[in-house]
Every structure is written in structure tokens, then in C-alpha cells.
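Chemist: Build the 3D model from these lines:
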Amino acid sequence: MLTRPLGNVMVFIPPLASTETELDAMTDILAKSIIDVTGCDGTPQNVNTK
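Modeler: The predicted model follows:
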């Protein structure tokens with residue numbers, strides 16, 4: 001699995017022969033890694049409600 005950060009976007013490049021189970025595992029690992037590094041779980045922070 002390759003990843004490439006582009007600003008605030010993470011490009012996910014899995015092997016072409018990946019199974020659905022492998023893709024699920026890769027995305028779970030990627031999400032956990034992002035949470036571990038940033039400390040953010042994806043919930044919106046400081047949202048302007050105006």
C-alpha cells in the first residue's frame with residue numbers, strides 16, 4: 001500500500017490485486033494512523049455556525 005499526502009488530502013494507492021478484506025484492513029490501518037499522528041478523530045472542530 002502506498003500513500004501520498006497532498007495538502008490536507010491523503011491519496012491511497014492499494015495494489016490492484018487487493019481483495020475487499022485487504023482493502024478494509026488497509027483503510028482501517030490508514031485511519032488509525034491518521035488519528036494517532038494528528039490526535040483528530042475526524043469530528044469537526046471549531047465549526048463556524050454563522
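Chemist: Now do the helices in the chain.
Modeler: Secondary structure of the chain (DSSP state H): helices located at 20-38.
Chemist: So which residues make contact with the lowest-mean-pLDDT helix or strand in it?
Modeler: Here the helix or strand of the chain ranked lowest by mean pLDDT, DSSP states H and E is strand 2-6, holding a mean of 84. With contact meaning C-beta atoms under 8 Å, 6 or more residues apart in numbering, strand 2-6 is reached by Met10, Val11, Phe12, Ile13, Pro14, Leu30. For every residue, glycine as well, the C-beta is placed using N, CA and C.
Chemist: Output the below-cut-off pLDDT ranges for this protein.
Modeler: Counting by pLDDT under 70, the chain shows low-confidence ranges at 44-50.
Chemist: one more time with 90, if that's ok
Modeler: Counting by pLDDT under 90, the ranges of the chain that qualify are 1-12, 30-31, 33-35, 37-50.
Chemist: Distance-wise, check Gly7 relative to Ala17.
Modeler: Using C-beta to C-beta, to the nearest Å, one obtains 29 Å as the distance from Gly7 to Ala17.
Chemist: hmm, back to that, give the buried residues for the least confident helix or strand of the chain.
Modeler: Neighbour counts over strand 2-6 (16 or more other C-beta atoms under 10 Å) mark no residue as buried.
Chemist: Now Pro15. Nearest residue, chain neighbours left out?
Modeler: Excluding the flanking residues, the one nearest Pro15 by C-beta to C-beta, 6 or more residues apart in numbering is Met1, at 7.1 Å.
Chemist: Appreciated, that's everything.
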